[in-house]
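Asker: Need coordinates for the following:
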Amino acid sequence: MSPTPAQITGLVLAGGRGTRMGGVDKGLQRLHGEPLAAHVIKRLAPQTGALLISANRNTAAYAELAAPYGARVVADTLPGFPGPLAGLLAGLRAAGTEFVLSAPCDSPGLPDDLAARLSEALATHGADIATVTTRDSHGTPSIHPVFALLRTSLADDLAAFLDAGERKVRAWYARHKTVEVAFPDERTFYNINSLQELAGLERP
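Answerer: Numbers count the residues shown, from 1 in each chain. Here you go, the predicted structure:
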């Protein structure tokens, strides 16, 4: 049986350095008057039973974004901004549900059926992780690994993986039964990597 929204905690990954944006806190950069992370929260909230935000700085600002949704802010337990897997581990540890649905803070257009489609695939294949693939207009496939539905029971294995110095998301996924789910519109997973890209989206 597919996980229900009540069994899923949404996790907004906003704990990075924002290197490609000149070091700014990416999730707090504004698009159409609202922080990027707020757009993601609004899209995840109807799909999940609870919400978490992974953030390593400006936690008061993220707590303010989280408050209307009863969400909590969690920080990496590992120092030095070690990457999205550290944020994922914090979310898996903090979640009070059997599943976590992760999404990056810089993808404000994520689809409203993300949880439903990943949940169905996870159940159908008896998988531990379900993640996203798309194809561009030329048919070239892309994998979007930080959009993922995961079992929280994977937390200890992820901790061991990180303790061993490993950091690559797809290398960790390869240790588990993972299913890739094809979504039809790659634009819904578009992530904003620069202030120039953000300014471009602001224009009508």
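
Asker: Leu88 should be in a helix, yeah?
Answerer: Yes: judged by DSSP: H, G, I helix; E, B strand; the rest coil, Leu88 forms part of a helix.

Asker: residue contacts, it?
Answerer: By Cβ atoms under 8 Å, 6 or more residues apart in numbering, the residues touching Leu88 are Leu11, Leu13, Ser54, Val100, Ser102, Val146, Leu150, Leu158. In short, each C-beta sits where N, CA and C put it, glycine included.

Asker: Which of the residues you listed fall within helices?
Answerer: Leu158 (DSSP state H).

Asker: Considering the contacts of Leu88, which possesses the most neighbours?
Answerer: Neighbour tally across those (other Cβ atoms under 10 Å): the maximum, 30 neighbours, falls on Leu11.

Asker: Can you report how many residues neighbour the residue nearest to that one when sequence neighbours are not counted?
Answerer: Here the nearest residue to Leu11 in space, its sequence neighbours aside, is Gly91; by Cβ to Cβ, 6 or more residues apart in numbering that works out to 3.8 Å. By other Cβ under 10 Å, the residues close to Gly91 number 25.

Asker: same question, Ser153
Answerer: Ser153 has 11 neighbouring residues, counting by other Cβ under 10 Å.

Asker: Tell me where this structure has strands.
Answerer: Along the chain, counting by DSSP state E, strands occupy 8-13, 30-31, 34-35, 50-54, 72-74, 99-104, 129-135, 141-151, 178-182.
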